[in-house]
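**Q** Whatever this is, show me its structure:
(2 chains)
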Number of protein chains: 2
Amino acid sequence: MAKAPKTAISPTRADDYPEWYQQVIKAADLAENSPVRGCMVIKPWGYQLWENMQRALDDMFKATGHQNAYFPLFIPMSFLEKEAEHVEGFAKECAVVTHHRLEPDPEGGLRPAGQLEEPLIVRPTSETIIGATYAKWVQSYRDLPILINQWANVVRWEMRTRMFLRTAEFLWQEGHTVHATDTEAIEETERMINVYADFARNWMAMPVTIGAKTAGERFPGAVETLSIEAMMQDRKALQAGTSHFLGQNFSKAQEIVFQSESGSREYAWTTSWGVSTRLVGALIMTHSDDDGFVLPPKLAPIHVVILPIYKDDSRSAVMEYIHALRDALRAQSYDGVPVRVEIDDRDMRGGEKKWHHVKRGVPIRLEVGPKDMEKNSVFMGRRDQPKSVGMDRNELVATIGTLLGEIQQSLYDRADQLRIENTVTITNEADFRDFFTPKNAGNPEIHGGFAMCHFADEASIDALLKELKVTIRCVPSENNDTPGTCFATGKPAEKQAIFAKAY
Amino acid sequence: MAKAPKTAISPTRADDYPEWYQQVIKAADLAENSPVRGCMVIKPWGYQLWENMQRALDDMFKATGHQNAYFPLFIPMSFLEKEAEHVEGFAKECAVVTHHRLEPDPEGGLRPAGQLEEPLIVRPTSETIIGATYAKWVQSYRDLPILINQWANVVRWEMRTRMFLRTAEFLWQEGHTVHATDTEAIEETERMINVYADFARNWMAMPVTIGAKTAGERFPGAVETLSIEAMMQDRKALQAGTSHFLGQNFSKAQEIVFQSESGSREYAWTTSWGVSTRLVGALIMTHSDDDGFVLPPKLAPIHVVILPIYKDDSRSAVMEYIHALRDALRAQSYDGVPVRVEIDDRDMRGGEKKWHHVKRGVPIRLEVGPKDMEKNSVFMGRRDQPKSVGMDRNELVATIGTLLGEIQQSLYDRADQLRIENTVTITNEADFRDFFTPKNAGNPEIHGGFAMCHFADEASIDALLKELKVTIRCVPSENNDTPGTCFATGKPAEKQAIFAKAY
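**A** Numbers count the residues shown, from 1 in each chain, chains lettered A, B, ... in the order given. Here you go, the predicted structure:
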């Protein structure tokens, strides 16, 4: 085997994808495990990215008529019990508060004291506590719709955690809406999954498929769950956002009742929808490479970093040139905002400094020394391309917005190509088995990708899916009207679904 | 007694200040109590205000070199034990997580299961968990300073709660910084209390005094606590923000150690500083009146609301006029941002609609009907003044920024006048007792206000303060260099302090 070129991240993706993922997070300084089991510390570079995601999503929520509010962290245990499927879904992994103070332990140290009459659950999701509040707010059809979103932390006591993808505590937003009719609630459910798809595609440069979850994969208590599914570089699927039509299940459990225009008393129709810090994990596994993180420009905290190169006698001239360049770039705009430019003038070896920014995924690096100054040029590295190139300084300033747009598009295109190349229509069980059997001896985790298959019913293929560790990701909403026969049972089938191994 | 004019809020401030406070929150739709003991629901209007506060503060933190990050919600019990004063301060009121799942209870319902090896505390503040993380990050003086802020929820199991002022869960920000020298850490502590004072004065239009807490009032574990103290309309003090110089107390408890430039191993110097949703309570009690909430324009989610008045035949002409007015106003700016203007065209009686916005504190209301149109005028109500006035439409558009600035200033001036009028220098115990004895038979809670007194030491006046339910708010940092004698003991005293009843 030929020796692989040296990379900033070790192991490479081909060698060990899960470990590569951890190493990218470390090299890009995005987050780290905390001393608290399953909880992570989101470091400033990772948190800035999350803030940019929040800002973009929040604007989209407000543009679709939603307002933010804030509901309690704690949910009384009895609230969770009211919706049977819901409690089944969350009871096995929740943090339970049972005491409200600490007292000295006679054997040393402290011990819990002041037992609560009713245990409180740290919210794993807020349908129950928000629904109880809405029940008070809703009296008449005039009070509807209620269109509210909350940015919050939630806790699910996951046994196997992985930073951003699955952590005991995570940050997210959860929209909770109430409507007078099922039609309106279904429209809302669809509107919000489309907002998520728009965000994934146009901000994260991440192709996604919109579809409906099958019964076995639905949110506990939902009538219908819509999701966006993305393909990661290892061809596994990642569910990046969900929007739930809850029907009248929660309004019946919580008595969200309104008087209709005709005077009748009716249960309301509710929805909920959410995305989380998991999106940071999705971003890493969509774009990053063996040199580290790759940021789509629209979400990058910094678009351009300028790295001065000088000796003592050239310092002041170079810095003057660079400050003028920074100001000229900042006066340009990309996608409606001023270009975000920083100078890194830390006292550090040039190579080390360059790699610092490569690993953190900054879209454009500009190295500028006395020779570049003389030629009125810069040495430009695009994070999505391997080689740096010399470029006229004025041309760079004039085209910086276009350049960032090109990078954003190139990231999307590359990810979309991977998705297309590894999405295969499969019509029989033998091919299906083969597709999900790892082929690559060097990396036992690499398998086929997304299998598009007609299927008749979930129960009859359950054993096969369990055996292969494959799940039904979703039944795509578009281009999915041609009937066929189930790949496994041969029964007539209305729709295709995406089958994949998943995060 | 003459009959009081009818007010939108009942009771009035003079009748029952605490109950008036609750009723303003209800009338302005800011928040409500939740089904979870001591936790509130922050409703959209209240949350928008908090978002505006967050945005302004966050910009100020970033302008002073800080970055945001996020640390775990949970703190292992053993972490809390490390700093003796700290655990003493927080152990009596904290939510303790002891289990990580629920299981069916043989007697019906659910019960906690899966006991944790070590209980987890829901963070009441994060010095311990953040410090443990910093201990890993800090190796050398080159790693310093660390300047990080976190926006988060925290929980303190308060027994007596009041919305915004004291709730079991609240939202806040907590800055946590690490420095190589005590000088730098003290500078940081002072810098951040000045940021808070700037925010209180210039955004909230709330006068505050900066000072140092006495030993008995310090943050548990701090060497020095600086605070900003404001006077509410009932002359009580409210601590609106604190900044703590923690010395080496927490770095010793958590081993935050660095190698200095000269090679020695040294404990770092740390600070922490925070403000919370309590500021919303402070805003209510600084500016609101017997008709409801009064918002300072710089923090108002809406600056101007336009209320159309029409009959069926005049509707389209009035709405056209109003849309043009809205657009013209939005094209103006106030304090660097476009004027925030909304039209309220809901089907509702005119008086009811007007009062809706009065109670919510919108700074400027414009009522516009066919007669106003004819005269090219508007009927303008300023929330800080009792009477609405007719005003030329073009003049309004041209001066809207100035007008909002005037309102912002008038609110500050009114609050400052109250503070000055009710701040009295007191030099002996008899006057002190008299000052804090309620005089107003109609409102037993009204007392003197802020007493400025020289005092020699805390212990010798402790009994007197407890008897009168008065606390030392702070030792003001400015204009406080003239020695005197203690008002109670006659001992020589270096400084004056503010003495007050407090929230």
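
**Q** contacting residues for residue A:462?
**A** By Cβ atoms under 8 Å, 6 or more residues apart in numbering or on different chains, the residues touching residue A:462 are residue A:216. Glycine gets a C-beta too; all of them are placed from N, C-alpha and C.

**Q** That one belongs to a strand?
**A** No - Residue A:462: not assigned to a strand; according to DSSP: H, G, I helix; E, B strand; the rest coil it is helix.

**Q** Pull the contacting residues for the residue most central in space within chain A.
**A** Geometric centre of chain A, nearest residue: residue A:279, 1.4 Å, by Cα atoms, centre = their mean. Counting by Cβ under 8 Å, 6+ apart, residue A:279 touches A:53, A:200, A:204, A:240, A:241.

**Q** want to throw those residues into TSV with distance to residue B:355 and pLDDT?
**A** As requested, these are exported to TSV (distance: Cβ to Cβ, whole Å; pLDDT from 0 to 100):
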residue	distance to residue B:355	pLDDT
A:53	40	98
A:200	44	98
A:204	45	98
A:240	45	97
A:241	41	98
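
**Q** ok, these vs residue A:111, which is closest?
**A** Nearest to residue A:111 out of the contacts of residue A:279 is residue A:53 (Cβ to Cβ; 40.9 Å).

**Q** quick check: domain ranges of chain A?
**A** Following the assignment in automatic domain parsing, chain A carries domains at A:17-73+A:124-287, A:299-419, A:423-500.

**Q** among the ones you listed, which is the most enclosed?
**A** domain A:17-73+A:124-287 (a mean of 21; mean count of other Cβ atoms under 10 Å in any protein chain shown).

**Q** any idea of the pLDDT on residue A:109?
**A** Per-residue confidence (pLDDT) for residue A:109: 89.

**Q** ok, now which ones touch the closest residue to it other than its chain neighbours?
**A** Using Cβ to Cβ, 6 or more residues apart in numbering or on different chains and skipping the chain neighbours, the partner closest in space to residue A:109 is residue B:81 (6.0 Å). By Cβ under 8 Å, 6+ apart, residue B:81 lies in contact with A:109, A:110, B:87.

**Q** show me where the stretch 301-450 of chain A has strands.
**A** When secondary structure is read from DSSP state E, counting those that start in this stretch, the stretch 301-450 of chain A shows strands at A:304-308, A:333-334, A:337-338, A:341-343, A:364-368, A:377-382, A:389-392, A:423-425, A:450-454.

**Q** Nearest to chain B, out of these?
**A** strand A:341-343 (12.8 Å; Cβ to the nearest Cβ).

**Q** do the closest one and chain B meet?
**A** No - residues of strand A:341-343 are not located near chain B by Cβ under 8 Å from any Cβ of the partner chain, the shortest gap being 12.8 Å.

**Q** Check stretch A:31-39 too.
**A** Yes - using Cβ under 8 Å from any Cβ, a contact is recorded between stretch A:31-39 and chain B, made by A:32, A:34, A:35, A:36, A:39.

**Q** Distance from that stretch to the middle of the chain?
**A** 19 Å (Cα atoms, centre = their mean, to the nearest Å).

**Q** Average pLDDT for that stretch, rounded please.
**A** 95.

**Q** What lies in contact with it?
**A** A:25-26, A:40-43, A:46, A:157-158, A:161, A:163-164, A:167-169, A:280, B:71-76, B:79, B:120, B:129, B:132-133.

**Q** Report pLDDT for residue A:350.
**A** In this model, residue A:350 carries a pLDDT of 77.

**Q** What segments of chain A are helices?
**A** Taking DSSP state H, the helices of chain A run over residues A:17-27, A:44-63, A:77-81, A:84-90, A:127-137, A:182-202, A:249-254, A:278-287, A:315-330, A:350-360, A:370-374, A:393-421, A:429-435, A:462-468.

**Q** how much space is there between the residue nearest to residue A:196 when sequence neighbours are not counted and residue A:42?
**A** Setting aside the residues directly before and after it, residue A:196 is nearest to residue A:241 in space (Cβ to Cβ, 6+ apart), at 3.7 Å. Distance of residue A:241 to residue A:42, computed by Cβ to Cβ, to the nearest Å: 19 Å.

**Q** got the phi/psi numbers for the residue in the stretch 201-350 of chain A positioned nearest to chain B?
**A** For the stretch 201-350 of chain A, the residue closest to chain B is residue A:277, as judged by Cβ to the nearest Cβ, at 8.7 Å. Dihedral pair for residue A:277: phi -60, psi -10, per degrees, to the nearest 10.

**Q** For it, which residues are in contact?
**A** Contacts of residue A:277 (Cβ under 8 Å, 6+ apart): A:42, A:50, A:164, A:167, A:170, A:171, A:172.

**Q** Over to residue A:170?
**A** A:153, A:154, A:156, A:276, A:277, A:278.

**Q** what about 10 Å?
**A** A:38-40, A:42, A:152-156, A:158, A:161, A:164, A:276-278, B:70 (Cβ atoms under 10 Å, 6 or more residues apart in numbering or on different chains).

**Q** ok, now residue A:321?
**A** A:306, A:308, A:310, A:314, A:368, A:369, A:370, A:372, A:373, A:376, A:378, A:393.

**Q** 8 Å - rerun?
**A** By Cβ under 8 Å, 6+ apart, the contact set of residue A:321 is A:368, A:373.

**Q** Pull up the gap between it and residue A:311, please.
**A** Residue A:321 is 15 Å from residue A:311, by Cβ to Cβ.

**Q** before we move on, what about residue A:14?
**A** 41 Å.

**Q** Apart from its neighbours in sequence, what residue is nearest residue A:275?
**A** Closest to residue A:275 by Cβ to Cβ, 6+ apart is residue A:241, at 4.2 Å.

**Q** just to revisit the earlier point, among the contacts of residue A:170, which has the minimum pLDDT value?
**A** residue A:158 (87).

**Q** Leaving out sequence neighbours, find the closest residue to it.
**A** Nearest residue to residue A:158, sequence neighbours excluded (Cβ to Cβ, 6+ apart): residue A:166, at 5.2 Å.

**Q** Same question for residue A:428.
**A** Residue A:428 sits nearest to residue A:487 (Cβ to Cβ, 6+ apart), 5.8 Å away.

**Q** Likewise for residue A:286?
**A** Residue A:286 sits nearest to residue A:206 (Cβ to Cβ, 6+ apart), 4.8 Å away.
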